[in-house]
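Novice: Here's my sequence, what's the structure:
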Amino acid sequence: MLSLTLALALSQAPKLAAPPWTTVEVSAEKAQFFATHLASALRSRGLSVITAQDISTVLGVERQKQLLGCGEDTSSCLVELGNALGAELILTASIAKLESTWQVNLRVLRAGDGKVAATQLAKATSQEQLLDALDTAAAGLALELGVKPAPRSARSLAWIPAVAAGGFAIAGGIFYGLALGRSADLDKRLEPGVTRADLDPIVRSGQTFELLGWAGGVLALASGATALVMFIAGAPAPAVSFTPVPGGGVVGLGGAL
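Specialist: Okay, here's the model as predicted:
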């Protein structure tokens, strides 16, 4: 049977399977929340994470229990789990609530031989601080695994021309308003006895303000168009991955809106 899972990040190598965490004085629901947060942080740093929910979907609950029941130090189980999921790495994690401290021990093992590839320790005195500590641990794991952070996309920089467009629009509006003011002043001075030489300074300043107003409008439109193009063209292309499993496979669809 073919199962379909939707990932919120691009499917990128290397693949890392993240079974359920072991817990000490922590509820399974809370551990799952922190595990999901860590998975999101790892994905943002270029790792393709197969969560515990994905594992149960691919392998089934009973088969997952059999493999995880082998113990994290049994290399044969890790090899079988990695092969079943098409993952090169396995993330084992344990979370404990001590008297005044939250602690998460993280180890990344190579599915091929069960050897430790990376380790991190996250400690905090509150749940909110633990989220930040897990972000730091995710960065540390990615660094140890040699995963380079993804370059910033054009979409993430689209705010720069967007802000510039707003600035040009405001400046253009101000200058155009000054030009209208000069036009009104010119109308008031059109009286018998007033020479062209008397009106030239007002005419020239009005023309200058009008030109600056139009220039601001054109630059605002150009900057706005640039921001729109960067936002649309800078979106990561959807990525699809297929992980074969006994009797079928799992399709991972990645992308961003």
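
Novice: for the stretch 51-200 of the chain, which spans come out with low pLDDT?
Specialist: Within the stretch 51-200 of the chain, the ranges that satisfy pLDDT under 70 run 56-83, 149-153, 193.

Novice: quick one, helices of it?
Specialist: 52-59, 61-68, 75-85, 127-144, 159-189, 196-233 (DSSP state H, counting those that start in this stretch).

Novice: For those helices, give me a markdown table that also has mean neighbour count and distance to Ala31.
Specialist: C-beta: built from backbone N, CA, C; applies to glycine. Shown next, in a markdown table, are those (neighbours: other CB atoms under 10 Å; distance: least, CB to CB, whole Å):
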| stretch | mean neighbour count | distance to Ala31 |
| --- | --- | --- |
| helix 52-59 | 19 | 10 |
| helix 61-68 | 15 | 14 |
| helix 75-85 | 19 | 19 |
| helix 127-144 | 18 | 11 |
| helix 159-189 | 15 | 36 |
| helix 196-233 | 15 | 37 |
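
Novice: Among those helices, which comes closest to Leu109?
Specialist: helix 75-85 (5.8 Å; CB to CB).

Novice: if we can go back for a sec, so for Arg110, which of the helices of the stretch 51-200 of the chain sits nearest?
Specialist: Closest among these, using CB to CB: helix 75-85, at 8.1 Å.

Novice: returning to that earlier point: could you check the helices of the stretch 51-200 of the chain and tell me which one is nearest Lys15?
Specialist: Per CB to CB, nearest to Lys15 of those: helix 75-85, 7.3 Å.

Novice: can I get the helices of the stretch 51-200 of the chain in a markdown table with distance to Gly114?
Specialist: Below are those laid out as a markdown table (distance: least, CB to CB, whole Å):
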| stretch | distance to Gly114 |
| --- | --- |
| helix 52-59 | 18 |
| helix 61-68 | 13 |
| helix 75-85 | 3 |
| helix 127-144 | 17 |
| helix 159-189 | 46 |
| helix 196-233 | 44 |
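
Novice: Would you mind telling me which of those is nearest Phe33?
Specialist: Of all the helices of the stretch 51-200 of the chain, it is helix 127-144 that lies closest to Phe33, at 9.1 Å by CB to CB.

Novice: Am I right that Val104 is in contact with Leu134?
Specialist: Yes: here Val104 reaches Leu134: they are 6.7 Å apart, a contact under CB atoms under 8 Å.

Novice: who touches both of the two?
Specialist: Shared contacts of Val104 and Leu134 (CB atoms under 8 Å, 6 or more residues apart in numbering): Phe34, Ala122.

Novice: Ok, which of the helices of the stretch 51-200 of the chain comes nearest Thr23?
Specialist: Closest among the helices of the stretch 51-200 of the chain, using CB to CB: helix 52-59, at 12.5 Å.

Novice: Next, give phi and psi for the spatially closest residue to Ala28 that is not a sequence neighbour.
Specialist: Using CB to CB, 6 or more residues apart in numbering and skipping residues adjacent in sequence, the residue nearest Ala28 is Pro20, 7.7 Å away. Phi and psi for Pro20, reported as degrees, to the nearest 10, are phi -60, psi 150.
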